[in-house]
Each structure stands twice: as structure tokens, then as C-alpha cells.
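# task: produce atomic coordinates for the following.
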Amino acid sequence: MSNLIEIKNLLKKYSDKKVIDGINLSIKKGEVVVLLGPSGCGKSTLLRTINGLESIQNGEIIFHGKNIHGKNTDWKKIREKIGMVFQNYELFPHLNVIDNILLAPTKIQKRDKKEVLIQAEELLKKVGLEDRKFSYPRELSGGQKQRIAIVRALCMNPEVMLFDEVTASLDPEMVREVLDVILNLAKSGMTMFIVTHEMGFAKLVANRIIFLENGKICEESDPKEFFSNPKTQRAKEFLNIFQYEN
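Predicted coordinates for the structure are as follows:
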């Protein structure tokens, strides 16, 4: 597998505080990389730099061989290829489900509405929400909204999907329905970079675990090794907290 994304010497600061401190990592085509770490360690910020939602002070993020943090980057085009799903859905409340999904492919990508509609309906069926296409966000549960947000991102035909704590604001019984959608995406070969606090899910879905601490990669390994035999004391402490909570 070739590298789809390469991150080199990445530095992100807020004032004098280094949030991302010299990170180097790569993501291969078809790989699922899960980013773990304590709150405030830089996980979400790292995802947002890949999607151009955060600027950087130094380093490179290379996608298809080109540094996407250059002066002339067309972020609209990049975001068509690097989709992102957020914790809080970001659905337009005044649009029903199908119009939420159709908006970007038809307006930004200028695709034929009938073609996008067929794709949207197929995806809605896969996530079990084909009967809710005319519903409005206010009529949906949190889990349903998040599945719609995933469908909306997939309808742009991205090469990479970024997931930023997509279950964090959901009731426990709704978490599973969203995680099942992401697991099925992994089985289909979608390249994904995922921030989550769902340890069981991370173990199931990841090809590789990256553990961050203070904006630096503290540990990197396959899921079996990370969860059974973490190398660093900080990772052991982190996992012990989750074992205690569960």
C-alpha cells in the first residue's frame, strides 16, 4: 500500500503553546488509523490541520505527493477528497435529510442531481435510514443525525474520511449504530483517520494505533500490541483509566 497522506515535522501553536509538536506520520491507502490520547493532547487539532480547518506554523501535510498547506491550496477541492465528520453533526436545520445530503455534491461538485440522489438513497439504505429522507434534523435522534452526517460526507466520494469523536455527544444506546457504520466502511476499504474514546471500537477497527501526549506521538503500534502490552508508562496509565471506568 502506498502512502496517501504524509505528515512531516508538523507544528501547530496557539500563541506560545505547542499543540502539535513536530509530528511525523503517514497513512496508507485503505488503512484505518486510530488516534488516542487524553483530552487536550492535540488529537482533534491534528485532524483539523489535515482538512485545512487549522493553519500550521511549520511542516508539511502531503496528499497525493503535494503539500496541501501551500499558499495556493484550493481547500474546497481538497475537502472533496478528504471528508470530515464532526462531533456535532453540522446538519442544516432548515433542510430535510435528502436536501442536506444533495447540497454539496450538486452545488460544489456540479454533479447531476438524479445521479447523486441514487447514490444518496443507496447509502441511506446501508445505514438503515432510507425511510427518513424527508425528515428534518429536529425529528431525528443523535445517532440518526450522525449517520446522516456520514452519508453526506460519503456522497462527495472522498478518498479519506476523518472522524472526530463522532460518538462523544451521543447517548450510550446510540453509539453502536454509528460505530457499526464506520466498521462497515473499514471493511469496504475506506482510508480513515479516527479520533475516539471508544476503546473497544478502536481495537476492532484500527490497523494502527497512534497515542498522543502533549502534541507528540508517544506510542505507535498495532491494536493487539497496544491494548495488551503498551510500551510506555503514559499509555498504560491511560488504558488503566478506561478499564476502571468500564
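
# how about the longest helix anywhere in the chain: buried residues?
Ranked by residue count and defined by DSSP state H, the top helix of the chain is helix 172-187. Of the residues in helix 172-187, those buried under the neighbour-count criterion (16 or more other C-beta atoms under 10 Å) are 174, 175, 177, 178, 179, 181, 182, 185, 186. All C-beta spots, glycine's among them, are computed from the backbone N, C-alpha and C.

# and the lowest-mean-pLDDT helix or strand in the chain, what does it pack onto?
Taking mean pLDDT, DSSP states H and E as the measure, the chain has helix 233-245 as its least confident helix or strand, at a mean of 80. Contacts of helix 233-245 with other secondary structure elements, assessed using 3 or more C-beta pairs under 8 Å, 6 or more residues apart in numbering; DSSP states H and E, are made with strand 208-213, strand 216-221.

# now do whichever helix or strand comes after the last one: everything it contacts.
Using DSSP states H and E, the helix or strand that follows strand 216-221 in sequence is helix 223-228. Here helix 223-228 makes contact (C-beta atoms under 8 Å, 6 or more residues apart in numbering) with 34, 199, 202-204, 206-209, 211, 219, 235, 239.

# now the buried members of those residues.
In the contacts of helix 223-228, burial by neighbour count holds for 34, 199, 202, 206, 207, 208, 209, 211, 219, 235, 239, counting by 16+ other C-beta under 10 Å.

# neighbouring contacts of the least confident helix or strand of the chain?
By C-beta under 8 Å, 6+ apart, the list of residues contacting helix 233-245 from outside reads 36, 37, 38, 197, 199, 211, 213, 218, 219, 226, 227, 230.
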